[in-house]
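> sequence first, then the predicted structure:
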Amino acid sequence: MKKNIMIFSFFGLTAGLFLVSESAHSADSAHYFGFSYVSGAKDIWDWHEDNLNFDKFEDGAPIGISYRYAFLFNSGIRLDAGIGPFVLVTGDVEYTDAPIQMSLGYSFLETSDVRLYARIGATIHINDGDFLKEENAVGAIGAIGLEIGHSLSASFFVEASYDSAEAIFTDIALDDNFEPIRTEEDIIVNGFMLTLGARF
């Protein structure tokens, strides 16, 4: 409960900074579209494969699609809001995750053709699955990114980030006496992410 209060407080603080900022109307903005490697997706697929007795489990690649919209102020401060990376498991079992994130950061050398930025914030995961015990996991996110290309037109970016949100997956297994027991495992659903994409 205390963790949820901290996360929502950060969302409120970030939104408040945006609303009261006199420079909000004159801020530049940018769109970020990317493909992300998601280490947590591989952990989720491994859990399903290890705990469910399917002859063949089709997991796929731990790649998700993400989008962010950023307000970029002259001071270097930035506010990012986005969704993703989407994670999807389909087949005999299903799991979906659409994280919503908001962050506060700082951009270095914003007028240069090579730019560095860092940001920290919070995430809420709109997730659902056959073996998911609790939905809507919350966590904190930290990221550092590098942009290459003209700042006033399309450019490319690479970002390394970490999302701490955890979800509990549960199943019924048989013990040595063939009695059913419930097994549970906490999994960091995103964990380390590496995103490659374009900024417009």
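That came through, no problem.

> residues touching residue 37, list them.
If a contact means Cβ atoms under 8 Å, 6 or more residues apart in numbering, then residue 37 has 62, 63, 193, 194, 195 as its contacts. C-beta: built from backbone N, CA, C; applies to glycine.

> try residue 82
With contacts defined as Cβ under 8 Å, 6+ apart, residue 82 is in contact with 32, 66, 67, 68, 69, 100, 101, 102.

> just to be sure, the fifth one is in a strand?
Put plainly, it is residue 69. Yes - according to DSSP: H, G, I helix; E, B strand; the rest coil, residue 69 belongs to a strand.

> so what's it bridging to?
In this structure, residue 69 bridges to residue 31, residue 81 when assessed by DSSP bridges.

> surely it meets residue 31?
Yes - with contacts counted by Cβ atoms under 8 Å, residue 69 reaches residue 31, the gap being 6.0 Å.

> can you tell me the helix or strand for residue 41?
For residue 41, the host element (DSSP states H and E) is helix 39-51.

> who's in contact with that helix?
Here helix 39-51 makes contact (Cβ under 8 Å, 6+ apart) with 57, 59-60, 62-64, 87, 89, 93, 95, 131, 163, 169, 171, 173, 183, 185, 187-193.

> which of the residues you listed are buried? Put it as a ChimeraX command.
Provided next is the ChimeraX selection string for whichever of the contacts of helix 39-51 are buried by 16 or more other Cβ atoms under 10 Å:
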select :57,62,64,87,89,95,131,163,169,171,187,188,189,190,191,193
